[in-house]
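# My questions concern the predicted model and sequence given below.
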Amino acid sequence: MYQEAIRLDHAIEEYCSILAQHNVGDPGAIEACLETDAEWTPEGATHLLRLARDYGAFILRHACALAVALDIEDGSLGL
């Protein structure tokens, strides 16, 4: 297992704060703010937004729990 506990609430607060400053109705604007404010690469921002939209919180919460249980931190995409 990870040395530190994953704190999802802190990540949610961070993204809410970032998104509150931008036009979140435009996917391009969301990707741009993920790149500039959250320091994602363009490819990472695209994948992150696609995951969120395609799967939603229910599936991703379980995928996160499974990744932690399997000790998978970064995944095979290398983002």
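Yep, that arrived. In this text, all values refer to a predicted model and were calculated from it rather than measured experimentally.

# The residue most central in space within the chain sits in which helix or strand?
Residue closest to the average C-alpha location in the chain (C-alpha atoms, centre = their mean): residue 48, at 5.1 Å. Using DSSP states H and E, residue 48 maps to helix 42-69.

# where does this structure have low pLDDT?
1-6, 78-79 (pLDDT under 70).

# and if we set it to 80?
1-7, 23-24, 74-79 (pLDDT under 80).

# coming back round to it: who are the neighbours of the helix holding residue 48, in terms of helices and strands?
On a contact count with 3 or more C-beta pairs under 8 Å, 6 or more residues apart in numbering; DSSP states H and E, helix 42-69 meets helix 27-36. (Each C-beta comes from the backbone N, C-alpha and C, glycine too.)

# One more pass at 10 Å, please.
helix 8-20, helix 27-36 (3 or more C-beta pairs under 10 Å, 6 or more residues apart in numbering; DSSP states H and E).

# where's it relative to the chain centroid, distance-wise?
Between the centre of helix 42-69 and the centre of its chain there are 6 Å (C-alpha atoms, centre = their mean, to the nearest Å).

# And for stretch 14-24?
13 Å.

# re earlier: could you take the helices and strands packed on helix 42-69 and lay them out as a markdown table, with extra columns for mean neighbour count and distance to residue 66?
Output for these, formatted as a markdown table (neighbours: other C-beta atoms under 10 Å; distance: least, C-beta to C-beta, whole Å):
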| stretch | mean neighbour count | distance to residue 66 |
| --- | --- | --- |
| helix 8-20 | 12 | 14 |
| helix 27-36 | 16 | 24 |
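
# Dump these into TSV; add distance to residue 76 as well.
Converted to TSV, the helices and strands packed on helix 42-69 look like this (distance: least, C-beta to C-beta, whole Å):
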stretch	distance to residue 76
helix 8-20	21
helix 27-36	21
